[in-house]
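In: Okay, structure incoming, though there's no sequence with it:
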């Protein structure tokens with residue numbers, strides 16, 4: 001668990017590491033200061049999710065440049081997909097986007113619009129994309 005990190009909504013760790021691979025639990029769009037309270041709209045919620053992911057990564061000495069895979073879950077896929085993408089991609093250099101899956105789902109904790117989990121690698125950040 002990361003000191004000062006987002007409050008878990010269930011019994012899990014912020015991240016688990018094995019052999020340099022780091023699996024970061026899906027983060028919700030609340031903040032450590034206001035657990036369970038979500039902002040309105042996909043842009044604000046995506047910003048909060050990314051801030052929570054950034055806090056977890058920083059707490060274990062990593063950053064978004066170490067992310068190799070992201071999985072995103074949207075409850076209003078058709079409505080929010082384009083805005084989500086614009087907000088999400090602003091956290092990564094254009095030449096260093098991780099692999100990603102984005103899934104439409106029927107519900108998330110706190111009735112959130114978005115949740116994202118990550119896989120990162122502690123080794124040197126990959127230098128190119130395929």
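Out: Received, thanks. As the structure is a computational prediction, the values presented were derived from the model and not from experiment.

In: Now do the host helix or strand of residue 100: everything it contacts.
Out: Per DSSP states H and E, residue 100 falls inside strand 99-104. Strand 99-104 has contacts (C-beta atoms under 8 Å, 6 or more residues apart in numbering) with 68-75, 77-78, 81, 84. All C-beta atoms are positioned from the backbone trio N, CA, C, and that covers glycine.

In: Quick one: distance of the helix or strand of the chain with the lowest mean pLDDT to the chain centre.
Out: Comparing helices and strands within the chain by mean pLDDT, DSSP states H and E singles out strand 15-18 as the least confident, with a mean of 92. Computed by C-alpha atoms, centre = their mean, to the nearest Å, the chain-centroid distance of strand 15-18 equals 15 Å.

In: same question, stretch 70-88
Out: Computed by C-alpha atoms, centre = their mean, the chain-centroid distance of stretch 70-88 equals 12 Å.

In: Show me how far the strand holding residue 100 is from its chain's centre.
Out: 12 Å.

In: buried ones in it?
Out: Residues of strand 99-104 classed as buried under the neighbour-count rule (16 or more other C-beta atoms under 10 Å) are 100, 102.

In: any low-confidence regions in the protein?
Out: Counting by pLDDT under 70, the ranges of the chain that qualify are 124-130.

In: which residue ranges form the strands in it?
Out: For the chain, the strands defined by DSSP state E cover 15-18, 21-27, 67-74, 99-104, 114-121.

In: Please report how far the nearest residue to residue 63 once chain neighbours are set aside lies from residue 120.
Out: Leaving aside its chain neighbours, residue 63 sits nearest to residue 57 (5.7 Å; criterion: C-beta to C-beta, 6 or more residues apart in numbering). Distance, residue 57 to residue 120, using C-beta to C-beta, to the nearest Å: 7 Å.
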